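S.K.: The following comprises the amino acid sequence and a computationally predicted model.
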Amino acid sequence: MPMIEQLFRFWSRLSIRSKGTVVIALPILCLAIAIVISSLLSRRVELAEQEVKHTQEVQLHSEQILRLLVDAETGVRGYLLTGNSEFLEPYSNAQDKLLDAVEQLESLSQQNPNQLNRVEVISKLVDQRLVSLQRNIALLSPSRGTAVLAAEGERLQTLIRGKSAMDMLRKKLGEFIAVEENRLAERQQILEQERELSRAALWLAGIIGIVGGLGANYLYTVSVVRRIHRLQHNALAVAAGEALAEPIPGEDEISQLDQALYATADQISQKQDRLQAANRQIAEAARKEKALLDNSLDVICSIDGEGRFVEVSPASLKTWGYLPHELIGRFYEEFVVPDDLEKTRAIATEALAGKSISGFENRYVRKDGSWIDIVWSASWSTTEQLLFCVARNNTERKEVERLKNEFVSTVSHELRTPLTSLRGFSEILLRKACSPEKQRQYLTIIQNESKRLTNLINDFLDLQRIESGKQNYDFAPIDVVPLLHETVDLFAGTDKLHVIRVEAPDSLPDVKADSDRIRQVLSNLVSNAIKYSPDGGEVVISAVQQDALVQISITDRGMGMAPEAMARLFTKFYRVDNANTRKIGGTGLGLALVKEIIEAHDGQVWVESELGQGSTFFFTLPQAIQGAKAITNGNHSSGVIDILLVEDDTAFTELLREEFSHTGLHIVSTAFAEQALELIQQHLPRLIFLDILLAGEMDGWDFLVAIKGDRQLASLPVMVITMTEPNTKGLVFKGAEYLPKTAATELLQQAVEHYLPQSSSKVLLVVDDDPNFRQQVIDSLNETADVHFIEAENGKQALECIQQQLPDLLILDLLMPQINGFEVLQFLRSDRNTLTLPVLVMTGADLTPTEKAYLKQGLATLVSKQAVGTEALIQIVEQTLGVVGRDRG
Amino acid sequence: MDKKIILIADDEPQLRLLVRTTLEDEDYDIYEAEDGQQALEIAAQISPDLFLLDNMMPVLDGISVCKALRENPTFRDRPIIMLTAKSQQQDIAIGKAAGVSHYFTKPFSPLELLTLIEEILA
């Protein structure tokens, strides 16, 4: 067996050429062997046939000798009897022929010593016979004379001797022939055998040849054809990108080729993998690009070499008023404001030549015919033969720039004017001798101008402080009426042109306000009223009570203003543009300041005006609630009120407070319905517990009427706690439930659980299309105290979840099907309810600076997906939710 | 010799007073205007030898007054001093283009102004 194995291994190692040689050589070899065998055998048959022929010749010659001798004998006898020499003719004929025949016989027997001996004997006998015949003839020869006749007896004797000699010869020849015949028989037998053998050999050779051929065919089939078929199969599989069959064993060209195919398939699959990965990346990049393009506020577009729009992002509608398809195919030049066309063409030529353009400003004609300031960035792509452009609406920036320039100019003027007086008059006082009256006049001017300068600077600083949120208000209940009179006195002293008066009842409810700031507001508004009524006239300051508010107004009979000016009146730096602007002066800050201050008081400010008829500025201040103070538990900086308790029974308040102390709910209580309403205005509570009997003027029913009458507040859940069974009066209010005060606190607990289902826990919405990742996030945050998780697998679901229940925190993936994270963020930030919803973006993708900026703009915190399970993530979540981990709590 | 006539146009009364005080000891006739329009009207009547113009004035600003004066053959070569809070290069360029002879930036020194006026009118 090992030998066969070795052979097999040897065979498998052979090259195709060697195998082919073997396959061809095998039948040839078989054929050759058969030919050799048959030729050898036919040679032997030939030999055998020669032997037979030889024997036949010997026989022939022997018989010829005998016949010649008989003829000679007969002739001589005739001669002897007749003496007629004519009888001697056969003898003389036979004499030469005999010698020939004997010679022939000798030559035939040359190789057979036994026969040669016999031939010599025969030859001797023939010679003797011839000699004796000659002697017989001589008996009658003429030399002895015709008369001499041998005695008859002698003649007879001679004849008898002749006969015995012939018999002898006959016997010898017979023996000789017998030997030859024996040999012939033997030879013929051998010849027959040889022929048999030859036939058999031919058959064998034929069979060997067929077997060899079949064997060669088998070898060829097994070692070449089948393997080539497998190779072909594999090659086709490679071509079709299918899986390859088992590798072909062996070490010849076919298996090498097969190995090469395997390597090729391997490389192809690797390349395919890489290609697929690359494709995924490209697809992802394309998705991102699309998200960016679609969401960009700038118009992103491409323009071909001839100046036609090829692609335009959807922002074109907002910026230019055209839908992208309305622009594609048209020339960008069509939309350029004619005055800007020349410089636009010049810059476009540069851009098409490959120069990167940024910050190029021109104006575009919108679809409605209006003009819009655009700032362009552009770069030419040689590969795509397109000019890629970003067009940004520059109107606002231009306007801001204009306002700023104007502001700088105004400020410069406003600062320099008093400074001129200060410097000028102080110099005159120093250099010139002046009368005491003059001195006094100049010093008064210096003093007034210093004040003016101080006020200006104060305005700046105030606005600066308010805008940066650093302004502290000292709110207290104050009466505004004295403030109004104070303001009038302030101006009446310096202004003789106007009649300034107060119109207000003797007493008004106190307002919650910072008196210094309200003085500032009044002063600004009255000063404006004076400035904008240069021809003099009345300036009326009035105050009236309106529900829970006090409304104050300042009316002048001055120049008034156009509606478009009113819309922007409270914008910083804005000054109504008219011929008197310069004379009127001002920094453009006064009304901005007024607005900031009033809004900080939870009030409103607005203006009513008619051009040429004068203006009235209104502002409101909330009434202060006397003797009431909201009690709140713990330190809840967020300002969210979970439960508002409107109850004058302090014992019951304390009881409830204790009952819910463990929940961490922010409970605020007040004994006044009025204050409760004020609190609701500031911070919408999630649930209200209401007693009917209250400390203030309003009772629980009044409060309920106020709440349910307000469309925005009507849906607030209110639990009315009563000493008695509810009467029919309360039942008309939907969304209010009644609880007997005597009921166990258990009922209150149930109510809280019902209305504030996750009252004690925070809701965290995890949005990711990968369920494993969602689970990972949940697992890693499970330790965080009382977090309730909701999951969504795409942006659409997430938005639906948010619609149903606003979570406390959103963990958001960016790349998701249907609606991606960017879009979710965009939706959230465009809705007032979700504007401040904390969003934690967790992404595995590398973000571009633009995308990062976009997220930052969307107030999202960016965390890498790798942060899952780390302490850092837990900390971020805990901080955002304002909770502490269970194990740390 | 007649007194030189100076017209001062400024909407700020203190400033007009300042200029008047600066020049009161000299032998000039001083006229005042509260805005640009008034300045042109007065100029037409009194034909001043020197103009002192504020730039930021109601009705008609100093630059416009300056241009209007330069278009009038009578005043084409009269010296005009611009008194202005606008001190940026661009503003000065605009003033020069409008025909301003001298540019005086607020706050200014009255003595320097006096010196300049005496130099011009000497």
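M.R.: Good, I have the coordinates.

S.K.: export stretch A:851-869 as PDB, just CAs?
M.R.: The C-alpha trace of stretch A:851-869 is given here as PDB (Å, rounded to 0.1, in the frame of the first residue of the first chain):
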ATOM      1  CA  GLU A 851     -22.000  69.500  11.700                       C
ATOM      2  CA  LYS A 852     -20.500  70.200  15.100                       C
ATOM      3  CA  ALA A 853     -21.400  73.800  14.800                       C
ATOM      4  CA  TYR A 854     -24.900  72.800  13.800                       C
ATOM      5  CA  LEU A 855     -25.200  70.700  16.900                       C
ATOM      6  CA  LYS A 856     -23.800  73.400  19.100                       C
ATOM      7  CA  GLN A 857     -26.300  75.800  17.500                       C
ATOM      8  CA  GLY A 858     -29.000  73.300  18.300                       C
ATOM      9  CA  LEU A 859     -27.900  73.300  22.000                       C
ATOM     10  CA  ALA A 860     -27.100  69.700  21.900                       C
ATOM     11  CA  THR A 861     -24.300  68.100  23.900                       C
ATOM     12  CA  LEU A 862     -22.100  65.900  21.800                       C
ATOM     13  CA  VAL A 863     -20.900  62.600  23.300                       C
ATOM     14  CA  SER A 864     -19.000  59.800  21.500                       C
ATOM     15  CA  LYS A 865     -20.700  56.400  21.400                       C
ATOM     16  CA  GLN A 866     -17.600  55.100  23.000                       C
ATOM     17  CA  ALA A 867     -18.600  56.900  26.200                       C
ATOM     18  CA  VAL A 868     -21.300  54.400  26.900                       C
ATOM     19  CA  GLY A 869     -20.800  52.800  30.200                       C
END
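
S.K.: quick one: buried residues of it?
M.R.: Residues of stretch A:851-869 classed as buried by neighbour count (16 or more other CB atoms under 10 Å in any protein chain shown): A:851, A:854, A:855, A:858, A:860, A:861, A:863, A:865, A:867, A:868. Bear in mind the C-beta positions are built from the backbone N, C-alpha and C, glycine included.

S.K.: Off-centre distance for the helix or strand bottoming out on mean pLDDT in chain B?
M.R.: Taking mean pLDDT, DSSP states H and E as the measure, the helix or strand of chain B with the lowest value is helix B:89-98, at a mean of 84. On the basis of CA atoms, centre = their mean, to the nearest Å, helix B:89-98 is displaced by 15 Å from the centre of the chain it belongs to.

S.K.: Can I get that helix as CSV, trimmed to CA atoms?
M.R.: Output in CSV follows, covering the C-alpha atoms of helix B:89-98 (Å, rounded to 0.1, in the frame of the first residue of the first chain):
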residue,chain,number,x,y,z
GLN,B,89,-10.8,109.3,7.4
GLN,B,90,-13.8,108.5,5.3
ASP,B,91,-15.7,111.5,6.7
ILE,B,92,-12.8,113.8,6.2
ALA,B,93,-12.5,112.6,2.6
ILE,B,94,-16.2,113.3,2.0
GLY,B,95,-15.7,116.8,3.5
LYS,B,96,-12.8,117.6,1.3
ALA,B,97,-14.7,116.4,-1.7
ALA,B,98,-17.6,118.7,-0.8
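
S.K.: From the contact counts, what lies against that helix?
M.R.: Applying 3 or more CB pairs under 8 Å, 6 or more residues apart in numbering or on different chains; DSSP states H and E, one finds that helix B:89-98 contacts helix B:62-71, strand B:80-84, strand B:102-105.

S.K.: Run through who's touching the last one.
M.R.: Residues outside strand B:102-105 that contact it (CB atoms under 8 Å, 6 or more residues apart in numbering or on different chains): A:416, B:79-85, B:87, B:92, B:95-96, B:113, B:116, B:120.

S.K.: Find the centremost residue of the chain, please.
M.R.: Going with chain A. Among the residues of chain A, the one closest to the centroid is residue A:280, at 2.3 Å (CA atoms, centre = their mean).

S.K.: that answer is for a different chain, and I need it for chain B
M.R.: Note on chain B: the residue nearest the mean C-alpha position is residue B:52, at 1.2 Å, using CA atoms, centre = their mean.

S.K.: Which residues are in contact with that one?
M.R.: Taking CB under 8 Å, 6+ apart as the definition, contacts of residue B:52 comprise B:6, B:7, B:8, B:9, B:10, B:19, B:81, B:83.

S.K.: Roughly how far does the nearest residue to it once chain neighbours are set aside sit from residue B:107?
M.R.: Of all residues beyond its chain neighbours, the one nearest residue B:52 is residue B:8 (4.4 Å), with distances taken as CB to CB, 6 or more residues apart in numbering or on different chains. Going from residue B:8 to residue B:107 by CB to CB, to the nearest Å gives 16 Å.

S.K.: Work out for me the element residue A:450 sits within.
M.R.: Assigned by DSSP states H and E, residue A:450 belongs to helix A:436-467.

S.K.: I'd like to know which elements that helix is packed against.
M.R.: For helix A:436-467, the helices and strands in contact under the criterion 3+ CB pairs under 8 Å, 6+ apart are helix A:395-431, helix A:590-600, helix B:13-23.

S.K.: any chance of those helices in TSV, plus mean pLDDT, mean neighbour count and distance to residue A:76?
M.R.: TSV is the format used below for the helices and strands packed on helix A:436-467 (pLDDT from 0 to 100; neighbours: other CB atoms under 10 Å in any protein chain shown; distance: least, CB to CB, whole Å):
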stretch	mean pLDDT	mean neighbour count	distance to residue A:76
helix A:395-431	84	17	166
helix A:590-600	87	21	183
helix B:13-23	90	20	200
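
S.K.: so what's the closest residue to residue A:821 other than its chain neighbours up against?
M.R.: In space, and not counting its chain neighbours, residue A:821 is closest to residue A:814: 3.6 Å by CB to CB, 6+ apart. With contacts defined as CB under 8 Å, 6+ apart, the neighbours of residue A:814 are A:820, A:821, A:822, A:841, A:843, A:845, A:847.

S.K.: three-state assignment of the closest residue to residue A:608 other than its chain neighbours?
M.R.: Using CB to CB, 6+ apart and skipping the chain neighbours, the partner closest in space to residue A:608 is residue A:616 (4.9 Å). For residue A:616, the assignment made with DSSP: H, G, I helix; E, B strand; the rest coil gives strand.

S.K.: so residue A:616 sits right up against residue A:610, yeah?
M.R.: No. Judged on CB atoms under 8 Å, residue A:616 makes no contact with residue A:610 at a distance of 9.7 Å.

S.K.: tell me which parts of chain A are close to chain B?
M.R.: If contacts are counted using CB under 8 Å from any CB of the partner chain, the residues of chain A sitting beside chain B are A:409, A:412-413, A:415-417, A:419-425, A:427-428, A:431-432, A:438, A:442, A:445, A:449, A:579-583.

S.K.: Any idea how far whichever strand or helix holds residue A:790 is from the middle of the chain?
M.R.: When secondary structure is defined by DSSP H and E, residue A:790 falls within strand A:787-792. How far strand A:787-792 lies from its chain's middle: 28 Å, per CA atoms, centre = their mean.

S.K.: Thanks a lot, see you next time.
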